[in-house]
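Provided below for reference: sequence and predicted model.
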Amino acid sequence: MTLIVVVYAGIEYDLEVDANDTAAVLCFQLYSLLGVDVDSQVLVTSTGHKVTLDDTIASLTASAPWLLLLDSTTPSSCFNPSIDSDWKDICTRLVAPNIPLAQPAYNLHGMAICQPCATTCVSTSGSFIEAVENTADTRDHIRQSFICDLAVVVGAADVPAPLGFTKLNVDLNHTASGPFVFLCYKRGGNRRPVSHVKVVHGLPTAPPQVDGYEVLPVNLNHGTISSIGIYLCVRRLAADAWRQLSGLALHDLHVSSSRDPGAFVLSQVDLNGGNDGTTPLFLRYKLNPVAGFVCGKHGECLFEPRVTGGHESATSWTHLTSQQQIVAAQHIDATLRRSWNATAAIHFEREEARLKQMLAGQLHNTLKYERQDYQAQALAAIPLARLHERARANPTPQPTFEIEVLRQLITWFKHEFFSWMNAPACRVCGAPDTLSIRQEGPVTPEEIAGEAGRVEVYECRLCQAITRFPRYNDPTKLLQTRTGRCGEWANCFTLCCRALGYDARYVHDFTDHVWTEVYSSHHERWLHCDPCEDQLDCPLTYEVGWGKHLTYIFATSVDEIVDVARRYTRDYDAMLERRTMAREPSLLRILSDLNATKTHAPDRKLILATRAAAEAVELAAVKEAKTHETVGRVSGSKEWRDARVESGNASGSAEPPPTSVVSSTLTTGAASVLDVNQELRSLLQRMLQGKGCSFADSCVNPFCLHSHVKAPGFDLTSYSATSIQSIVHLQDASAQGLTALTCSEPGSFQSSLLALPLALYWPLQDHVSALVVDASGRGRHGINVNCPVQKPFAVKFSRFNTGLQLVPLTPPRSLSSGVSTSTSWTLQWLLRWHDQAVEALRPPNAAPSTPFLHLSPSPDQPLLFHLAYTDALTLEWLGPPDTTAAGSSASDSLAVDTTYHMALVSASGVVTCFVNGVAVFETRPLTTNPIQLASFEFAVAPSPRSSVLPLLSHVALVTRALSAEELHALARAAVPSPRLVAGGADDFVDPSVTCLESVASEDSGHRVLAVHLWSGDFFDGVQLTYANTSTGVVTPGRAWATTTAAGATKQTLQLLEDEFIVQVRGRRGAWMDQMSVTTNFGRSLTAGGTGGGPFDVFIPAGYMVRAFSFDIGDHVNQPVVFSCPAPRGI
């Protein structure tokens, strides 16, 4: 049985069918499921093919198990071919006003327009309208509009998306306890567009296998109590379909809590399933033809009055509503294919003839390696006895002596025999620094005799003498010169291999490299040999290590010529996109014709046929890169390698598969490694013996003996009884919650808080179903009924880093306590806001604020007030019904996904609100009586007024009014410094690059004191100097500089008080030529030359530079700037 997806009215339906059945059987199933009459059903495949009743399921789903179902009785709201009989001759928007159709495209100033508009509306202006052809460049451009990769990231709310991905800011664990889980997508890249994304169930720890799909390896229920695993599966457009630009691909992706598909296709599998009481979330997507577009707004369109109807939100191909639209779309698509096929035929006819001529020359050229006189000269140059001696002495030899000798031959050739030529030394003065000025043909008798294909001409920078470097092709001449680049190396080395009796082939890579292959009887396959790189059997080096985008690779010997490109790539489908010289069937015929010119004895013919069959199986196998295939190019100068972009690229041309990024520091979820009983035993030992506490003299933890033993009148017996009773009350606590009762370092946030007179302190590290632990020692533990969900919470300290998110559910979830305070009190907590950007969670007429903290005074003062937030923090006072006294005060806005220390302080009848130790507003007294607090409750109403939801941690009620200084100290101890933002040249930043400066963070107590730049002809390095803002002690930062910087010119810009760097720019080519920094005072410092092109490093507005990172080699490259928010008002 086969699983297929049928889309009807914008909703996915999964069906299990027999692949051998016909579409007629499927139609009866659909009638039973959806009620659409069989005679009215119109089924369309993902490639736009209209299904007939005799088509088999297997043939229909060969490219993708996805079908679109239409009801032929549904009329089109915008297109009627019986009225619009001339629809083939007018703008294609008549068929579908807003839905992209696969159609002939014409490029008008970068805008795609349809064929009728190109020939009628625009041509009258005299502008040249160019037809868009199906080329590799066209496909690369189209790829930017479609989703080509998905990833899932797990962590805190601000967990970043992988490089190049866009994060959908919807927590897929919404209203469930556990980490934040986000779906990310990427447009463009090297991979084929995604044609379908499927949501499936599996085990929590074992992703399922789904035929034809790549499964993202992260469980969307990661860290929750669910016993169900939910996974995303990705299916890509088939390689052949993509090369032909045929078929549908993902154009957009959303997550919604609504079951209404709207303008999308809806998957009915709940992304948040398996967690009772949580908000359902559903994946929605749009599909469009990869060759499709909507005719552009190109000015005066003669057909505009005819284009009517069509819903503006219907922008997906799946929203074609009628059979007439499908038929018209197929006709337009067929017109496109005919045009492309005709153009391609002309191109390939020319290119295939040229390719055949090139390959014939290559095949003929290898005959020279069989000349006995050539082989004799090579044998005379090879120290065979020495190679045999080394082979026998090698403690880790190759599998056979024959292969070990080959290994020794490669090493000898690389390090003792041949040399690499970057540029020749001056023939007159011997200076190594010569400059290439031109190329010309061979003219001297030596150049002609050595079969030089061309001669490179160099000029000495010192004496201006001319030096010639002939590129010899005669391998015996190379035995004498023993120098050159990869062409000379492979040419001479192949002759050496044949001279030693190896079956050797000369390998030509059309992206400008050559090497040798040698047949191994032991391995029964051909081994890659590159003497330039001193490598044996490392075929993926060029793609994976060097980062080359390979195309054609042919291996030639006296016997045959073979297309061996598949040996050197992990992604043959991507390679096929770049092979544009010949149609693949035509290439096979060309090779067959060339090989047919060779004659072989029957026994040799049998050997070659056996090898060819085995090689075909080997080339088709999936390949994984070995460690020594991941390094960049070794041969040649770094400048030369960088210019060719071959210095190293671990990803190569094949991008990694769909990924998941899971934080290693998360402690939420059901699968806790902590044991409750063990935690209780440790707690009891700490309370009765002080065991495990390292801060005996200064400990303030009420759950530690050391904090009590020095108290006047301490009685051990009474204390022990109380401690045991405390343990009894904690039996329903979770292991996570109990860890919050451990002792903290003096000066830390927890120690500072516990040193205050507390009525209660809830660290809120508790598991979702457990007791809410009170760490104050007052025993005011909370009962966790319908408690807000537990989420990661970013704090400055490493422990106790989760919190509770308030969510609007029914029954309401809340966190509350009944307390009795004096008229002076402080309620403090840590707060983060997260915007759960789910469209269905945003009512169209939502109220402007979200109350989340409700406070009630003592019973004899029935005054109510609550704290609310959407765009600003607001304390709203609500008097009793018979009172007109009411009012509110508001603060500045608070950023989402940012930690704040919050406090409400009551003193003298006034309540003041503090954010990070700063008073943002205070209320005017509404009563002459002092304000006492009877209860407080954190909750969000079941009917959401906003998608912005609060996340709480470390709630404490202090029985006195704290001063601004005390609150500021608590904030500094709890609130993490803003994350440094990494910015690169032209917005590119390698996500693996991290800041190495320990004093770069904003709260390190250091400021940037000076910036130093080194330069000569190029930019050679930079260093920042930091100064301690309290002591003035100067700390030098890391020097990002080349080895030549010591002799280069140094420039220094000393920064003034309140001055900081706000702009970094420069110039670069293969490396950085220049760097310039500018401060907020308008002062600049520039170092380096004027080569290359300009670039700017991304620094957010209002941020200042705190550190740098560079790629350091012979030159400086890949600049990365780390910045953080600058002080306001400066």
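In hand now; what should we look at?

Now do stretch 51-62: distance from first to last residue.
By C-alpha to C-alpha, to the nearest Å, the extent of stretch 51-62 from end to end equals 13 Å.

what do you get for stretch 203-213?
Termini of stretch 203-213 sit 17 Å apart (C-alpha to C-alpha).

How far off centre is that stretch?
Relative to its chain's centre, stretch 203-213 lies at 22 Å (C-alpha atoms, centre = their mean, to the nearest Å).

All the strands of the stretch 1-150 of the chain, residue numbers only.
Taking DSSP state E, counting those that start in this stretch as the test, the strands found in the stretch 1-150 of the chain are 2-8, 11-17, 41-45, 66-71, 101-102, 106-108, 111-113, 130-131, 147-155.

Single out the most deeply packed of the ones you listed.
Of all the strands of the stretch 1-150 of the chain, strand 101-102 has the most neighbours on average by mean count of other C-beta atoms under 10 Å, namely a mean of 26. For every residue, glycine as well, the C-beta is placed using N, CA and C.

Confirm that residue 496 lies within a helix, as I assumed.
Yes. Under DSSP: H, G, I helix; E, B strand; the rest coil, residue 496 sits within a helix.

and the gap between the closest residue to it other than its chain neighbours and residue 371?
Leaving aside its sequence neighbours, residue 496 sits nearest to residue 378 (C-beta to C-beta, 6 or more residues apart in numbering; 5.0 Å). Residue 378 sits at a distance of 10 Å from residue 371 (criterion: C-beta to C-beta, to the nearest Å).

Dump the strands of the stretch 1-150 of the chain to JSON lines, plus distance to residue 979 and mean pLDDT.
Shown next, in JSON lines, are the strands of the stretch 1-150 of the chain (distance: least, C-beta to C-beta, whole Å; pLDDT from 0 to 100):
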{"stretch": "strand 2-8", "distance to residue 979": "41", "mean pLDDT": "90"}
{"stretch": "strand 11-17", "distance to residue 979": "39", "mean pLDDT": "92"}
{"stretch": "strand 41-45", "distance to residue 979": "47", "mean pLDDT": "90"}
{"stretch": "strand 66-71", "distance to residue 979": "41", "mean pLDDT": "90"}
{"stretch": "strand 101-102", "distance to residue 979": "44", "mean pLDDT": "94"}
{"stretch": "strand 106-108", "distance to residue 979": "43", "mean pLDDT": "88"}
{"stretch": "strand 111-113", "distance to residue 979": "40", "mean pLDDT": "90"}
{"stretch": "strand 130-131", "distance to residue 979": "47", "mean pLDDT": "88"}
{"stretch": "strand 147-155", "distance to residue 979": "13", "mean pLDDT": "93"}
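
Now render these as JSON lines, adding distance to residue 543.
As requested, the strands of the stretch 1-150 of the chain are arranged in JSON lines below (distance: least, C-beta to C-beta, whole Å):
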{"stretch": "strand 2-8", "distance to residue 543": "34"}
{"stretch": "strand 11-17", "distance to residue 543": "37"}
{"stretch": "strand 41-45", "distance to residue 543": "34"}
{"stretch": "strand 66-71", "distance to residue 543": "32"}
{"stretch": "strand 101-102", "distance to residue 543": "32"}
{"stretch": "strand 106-108", "distance to residue 543": "32"}
{"stretch": "strand 111-113", "distance to residue 543": "33"}
{"stretch": "strand 130-131", "distance to residue 543": "33"}
{"stretch": "strand 147-155", "distance to residue 543": "19"}
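
which outside residues touch stretch 572-591?
Residues outside stretch 572-591 that contact it (C-beta atoms under 8 Å, 6 or more residues apart in numbering) are 135-136, 139, 190-192, 239, 242-243, 348, 351-352, 354-356, 359, 549-552, 561-563, 565-566, 569, 653-654.

which regions of the stretch 901-1050 of the chain sit below the pLDDT cut-off?
Within the stretch 901-1050 of the chain, the set of residues satisfying pLDDT under 70 comprises 924-930, 941-946, 987.

all helices of it, in order?
Assigned by DSSP state H, counting those that start in this stretch, the helices in the stretch 901-1050 of the chain fall at 964-974.

all strands in it, in order from the N-terminus.
910-915, 918-922, 933-939, 948-958, 981-984, 1006-1015, 1019-1028, 1034-1036, 1040-1041, 1049-1054.

buried stuff in the last one?
Read it as strand 1049-1054. residue 1053 (16 or more other C-beta atoms under 10 Å).

ok, back up a step: other SSEs contacting the helix or strand containing the residue nearest to residue 496?
Secondary structure from DSSP states H and E places residue 378 in helix 372-381. Under the contact criterion of 3 or more C-beta pairs under 8 Å, 6 or more residues apart in numbering; DSSP states H and E, helix 372-381 touches helix 475-481, helix 486-499.

Highest mean neighbour count out of the ones you listed?
Most buried of those, by mean neighbour count (mean count of other C-beta under 10 Å): helix 486-499, with a mean of 24.

Go through the helices and strands packed on helix 372-381 and name the closest to residue 265.
With respect to residue 265, and counting by C-beta to C-beta, the nearest of these is helix 486-499 at 51.0 Å.

Just want the angle from the helix or strand just after the closest one to helix 486-499.
For helix 486-499, the following helix or strand on the C-terminal side (DSSP H and E) is strand 504-509. In terms of direction (axes from the mean of the first three to the mean of the last three C-alpha atoms, to 10 degrees), strand 504-509 departs from helix 486-499 by 160 degrees.

hmm, who's touching strand 504-509?
Residues contacting strand 504-509 (C-beta under 8 Å, 6+ apart): 362, 365-366, 369, 490-491, 494, 497-498, 514-519, 526, 528, 542, 548, 550, 552-557, 562, 564, 568.

Kindly report the same for stretch 346-363.
Outside stretch 346-363, the residues that touch it by C-beta under 8 Å, 6+ apart are 506, 508, 554, 556, 561, 580-583, 586-587, 590-591, 593-594, 597.

switch to 10 Å and redo it
Here stretch 346-363 makes contact (C-beta atoms under 10 Å, 6 or more residues apart in numbering) with 133, 135, 506, 508, 510, 552, 554-561, 563, 580-583, 586-587, 589-591, 593-595, 597-598.

Mind checking which of the residues you listed land in helices?
With DSSP state H as the criterion, helices contain 586, 587, 589, 590, 591, 593, 594, 595 from among these.

The last one contacts residue 558, doesn't it?
Going back to what we said before, that points to residue 595. No. The criterion here is C-beta atoms under 10 Å, and residue 595 misses it with residue 558 at 11.7 Å.

returning to that earlier point: so which of the strands of the stretch 901-1050 of the chain comes closest to residue 231?
Between residue 231 and the strands of the stretch 901-1050 of the chain, the shortest gap by C-beta to C-beta is with strand 948-958, which sits at 26.0 Å.

quick one: contacts for residue 303?
Applying C-beta under 10 Å, 6+ apart to residue 303 gives the contacts 86, 89-94, 114, 116-117, 120-121, 295.

and what of residue 560?
363, 366, 505, 591, 594, 595, 598, 600, 608, 611, 612.

Which parts of this protein belong to which domain?
Split into domains by automatic domain parsing, the chain comes to 140-290, 371-421+485-636, 786-840+847-974, 981-1125.

Reformat those domains as TSV; add distance to residue 56.
Below are the domains of the chain laid out as TSV (distance: least, C-beta to C-beta, whole Å):
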stretch	distance to residue 56
domain 140-290	17
domain 371-421+485-636	26
domain 786-840+847-974	40
domain 981-1125	46
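
which one of these has the most crowded surroundings?
domain 140-290 (a mean of 20).

Quick one: the helices in the stretch 701-850 of the chain, in order.
716-729, 735-739, 749-754.

what about residue 710, distance to residue 977?
36 Å.

mind listing what residue 950 touches?
788, 803-807, 829, 831-834, 850, 852-853, 867, 869, 894, 902, 938-940.

Residue 1074 now?
Applying C-beta under 10 Å, 6+ apart, we find residue 1074 in contact with 1013, 1015, 1018-1019, 1065-1068, 1086-1092, 1094-1095.
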